[in-house]
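A.B. asks: Provide a 3D model corresponding to the input given below.
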Amino acid sequence: MNTAAENYGPGEVVGHDYHIEEPRDGAHEITEVLIEYFQDVLDGAQAAVDRFSQSDALTCVSDGAGWERIFNGTESRINMMANFATKYVFQKKSSNGQLWSERLAGVTTQTMHHAYTALESICLRDENRPPSLP
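C.D. replies: Below is the predicted model of the structure:
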């Protein structure tokens with residue numbers, strides 16, 4: 001788990017708005033692009049939680065695992081949602097009409113990590129915690 005995962009959310013993205021107010025040599029434009037990208041990552045992560053957090057598809061991952069392997073089931077659950085969120089971002093067109101992989105370097109190698117971190121943040125909030133084993 002990322003140590004700052006609980007801070008990765010809408011407030012974190014909005015917190016970067018102050019960089020836009022003091023433009024420096026193209027920093028304004030790239031900051032806006034990064035905010036848009038991370039908002040799409042958060043949207044994809046939330047879509048994954050909405051789609052899967054209470055679904056039978058994820059619950060069956062933990063069925064029969066028992067307490068000794070609860071973390072394996074939990075990690076599999078988050079990985080399944082991270083794959084969904086990553087695909088969401090890869091298929092989403094940015095505001096200029098390009099796919100993120102065409103617009104921003106590193107998207108293909110880093111989006112899975114960003115999605116995983118966003119999902120950890122969402123799942124740390126009580127209302128989104130996945131069901132636990134009996």
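A.B. asks: which residues touch Thr86?
C.D. replies: Contact analysis of Thr86 by Cβ atoms under 8 Å, 6 or more residues apart in numbering lists 44, 111-112, 115. Every residue, glycine included, has its C-beta placed from N, CA and C.
A.B. asks: what about the longest helix seen in the chain, average pLDDT?
C.D. replies: Taking DSSP state H as the criterion, the chain has its longest helix at helix 27-52. On average, the pLDDT along helix 27-52 is 90.
A.B. asks: list the buried residues in that helix.
C.D. replies: 31, 33, 35-38, 40-42, 44-46, 48-49, 52 (16 or more other Cβ atoms under 10 Å).
A.B. asks: again with stretch 102-116
C.D. replies: 103-104, 107, 111-112, 114-116.
A.B. asks: if I look at Leu42, how far off is Asn79?
C.D. replies: Distance of Leu42 to Asn79, given as Cβ to Cβ, to the nearest Å: 18 Å.
A.B. asks: repeat that for Glu36.
C.D. replies: Distance of Glu36 to Asn79, computed by Cβ to Cβ: 26 Å.
A.B. asks: for Glu32, same thing?
C.D. replies: Counting by Cβ to Cβ - Glu32 and Asn79 are separated by 31 Å.
A.B. asks: and Lys87, by the same measure?
C.D. replies: Taking Cβ to Cβ, one finds Lys87 at 13 Å from Asn79.
A.B. asks: for Ile122, same thing?
C.D. replies: 14 Å.
A.B. asks: and Val49, by the same measure?
C.D. replies: Per Cβ to Cβ, Val49 is found 14 Å from Asn79.
A.B. asks: now swap in Ala105 and tell me
C.D. replies: To Asn79, Ala105 is 25 Å away according to Cβ to Cβ.
A.B. asks: related to what we said a few turns ago, need the max-distance pair from the buried residues of stretch 102-116.
C.D. replies: Using Cβ to Cβ, the buried residues of stretch 102-116 span at most 21.5 Å, a distance reached by Arg103 and Tyr116.
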